[in-house]
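Participant: build me a model from this:
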Amino acid sequence: MLTSLRPVETGTNVAGDDVAAIMADIGRRARAAARTLALAPSETKNAALRAMAAAVRADREAILAANLRDVAAMRETGQAGSFIDRSTLDDGRIEAIARSLEEVADLPDPVGAVIAAWERPNGLSIERVRTPLGVVGVIYESRPNVTADAGALCLKAGNAVVLRGGSDALGTSLAIHACLARGLEAAGLPADAIQLVPTPDRAAVGAMLAGLDGNLDVIVPRGGKSLVARVQTEARVPVFAHLEGLVHVYVHAPADLEMVKRVVVNAKMRRTGVCGAAETLLFDRALAGTHIGPVLDALAAAGCEIRGDAAVRALYPAAMPASEADWTTEYLDAIVSVAVVDGLDAAIAHIETNGSHHTDAILTDDGAAAERFMAEVDSAIVLHNASTQFADGGEFGMGAEIGIATGRMHARGPVGVEQLTSFKYRVRGHGQTRP
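Facilitator: Residues are numbered from 1 along each chain as shown. As a prediction, the model looks like this:
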């Protein structure tokens, strides 16, 4: 049993046959745990989540120590600053992990909830009710907090979960996972309900994409374009796609200048390495002479590099020239591409051509224009007069999220507790037969 194995040290590999055996065992035990979780009472799941939160707080020093080692290794290997920021924990972020676990505990339990009910003329009573998906696989890069978020959400929805975190933050993820396992055991639930792949060997990802011998029901990738592309190409089980965040903010006339400056700076610079960070800024030509200078000055003062089209550079000479590639680049850094567009139709066309259907926003005092933008821009999240950094399940009141799904099947937008369920039909009769 894997529970008797020592965690594999970060940065080491195990032989291919060993990885295959480890992953097969993880899949079998996850399936067995899923059957128990599907029937677990809400009170038991909530008790486990609160015990996990207490364990995270109690193990704060151990988690921080593991994270310091991971971050030091990232710096030694020359990882980008935005990548390191996504992986770095401090007291505040650890407390946020603990609070998120408690917030998921406070959410309504979706399992068994009646979505719809009706009666047929023949007297059959039909209900559509929420059920767990089964075993969820989550493959993610950096962001050790995803270890807790994904584990908590899957548990609340009655699913077992197999977590494969990024090798750069494996030590931190192992420390967090130990807290989750203690919480499960404290509530009398199987520790196998939340399993963390203990090796950074890429063969483990291949085993998950193959479905762990039929034991994996769905995969959620959370990471860069190359990871998501590999998952979509190779997966033999359904995928909740989380594509890159090519996020746009469109400033449409009329728009209050102070509001625009405040929102744009936050959307771009609050945290540049998150998927909801703005990457392209579009200005209505009617506002070019009044808004471009002050808004770009505010961004530059916050440390942002500006790359503009010809119209932008004519009004703001400090901007660097934008290339064609800039309009389809997710920087995840303090860089923004800026263009002038001829009205709402042109802005929507630019977003449709260059965006990733993740998150896009309009800043305007024109309510009709805002409603049209929100109706016609086909993104998982659209906002009016608010920062794109609100693209987050926690900010939506979901407690946490596994990722932002940009596909159109089953789950779209923040993948929270409800999105981690399926449904079945319960039909009750009193002896009816079909003619």
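Participant: buried set for stretch 402-418?
Facilitator: Across stretch 402-418, burial judged by 16 or more other Cβ atoms under 10 Å covers 402-407, 411-418. Heads up, the C-betas are built off the backbone N, CA and C, glycines and all.
Participant: the residues you listed in helices, which ones?
Facilitator: In helices, judged by DSSP state H, none of the buried residues of stretch 402-418 are found.
Participant: distance to Val338 and pLDDT added to those residues, as a markdown table?
Facilitator: Converted to a markdown table, those look like this (distance: Cβ to Cβ, whole Å; pLDDT from 0 to 100):
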| residue | distance to Val338 | pLDDT |
| --- | --- | --- |
| Ile402 | 32 | 80 |
| Gly403 | 28 | 78 |
| Ile404 | 24 | 84 |
| Ala405 | 28 | 81 |
| Thr406 | 24 | 80 |
| Gly407 | 29 | 77 |
| Ala411 | 33 | 78 |
| Arg412 | 29 | 82 |
| Gly413 | 27 | 84 |
| Pro414 | 28 | 82 |
| Val415 | 31 | 85 |
| Gly416 | 33 | 86 |
| Val417 | 38 | 90 |
| Glu418 | 37 | 90 |
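Participant: how close does Gln264 sit to His252?
Facilitator: Just to correct that, residue 264 is Val rather than Gln. 13 Å (Cβ to Cβ, to the nearest Å).
Participant: over to Leu246?
Facilitator: 19 Å.
Participant: tell me where the model's unsure across this protein.
Facilitator: 1-17, 243 (pLDDT under 70).
Participant: tell me the domain boundaries of it?
Facilitator: Structural domains assigned to the chain are 2-242+415-426, 247-395, following automatic domain parsing.
Participant: centre of the chain versus the last one, how much separation?
Facilitator: Computed by Cα atoms, centre = their mean, to the nearest Å, the separation of domain 247-395 from the middle of its chain amounts to 22 Å.
Participant: could the buried residues of stretch 402-418 go into JSON lines alongside distance to Arg75?
Facilitator: As requested, the buried residues of stretch 402-418 are exported to JSON lines (distance: Cβ to Cβ, whole Å):
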{"residue": "Ile402", "distance to Arg75": "28"}
{"residue": "Gly403", "distance to Arg75": "26"}
{"residue": "Ile404", "distance to Arg75": "28"}
{"residue": "Ala405", "distance to Arg75": "32"}
{"residue": "Thr406", "distance to Arg75": "31"}
{"residue": "Gly407", "distance to Arg75": "35"}
{"residue": "Ala411", "distance to Arg75": "36"}
{"residue": "Arg412", "distance to Arg75": "37"}
{"residue": "Gly413", "distance to Arg75": "34"}
{"residue": "Pro414", "distance to Arg75": "31"}
{"residue": "Val415", "distance to Arg75": "31"}
{"residue": "Gly416", "distance to Arg75": "33"}
{"residue": "Val417", "distance to Arg75": "36"}
{"residue": "Glu418", "distance to Arg75": "39"}
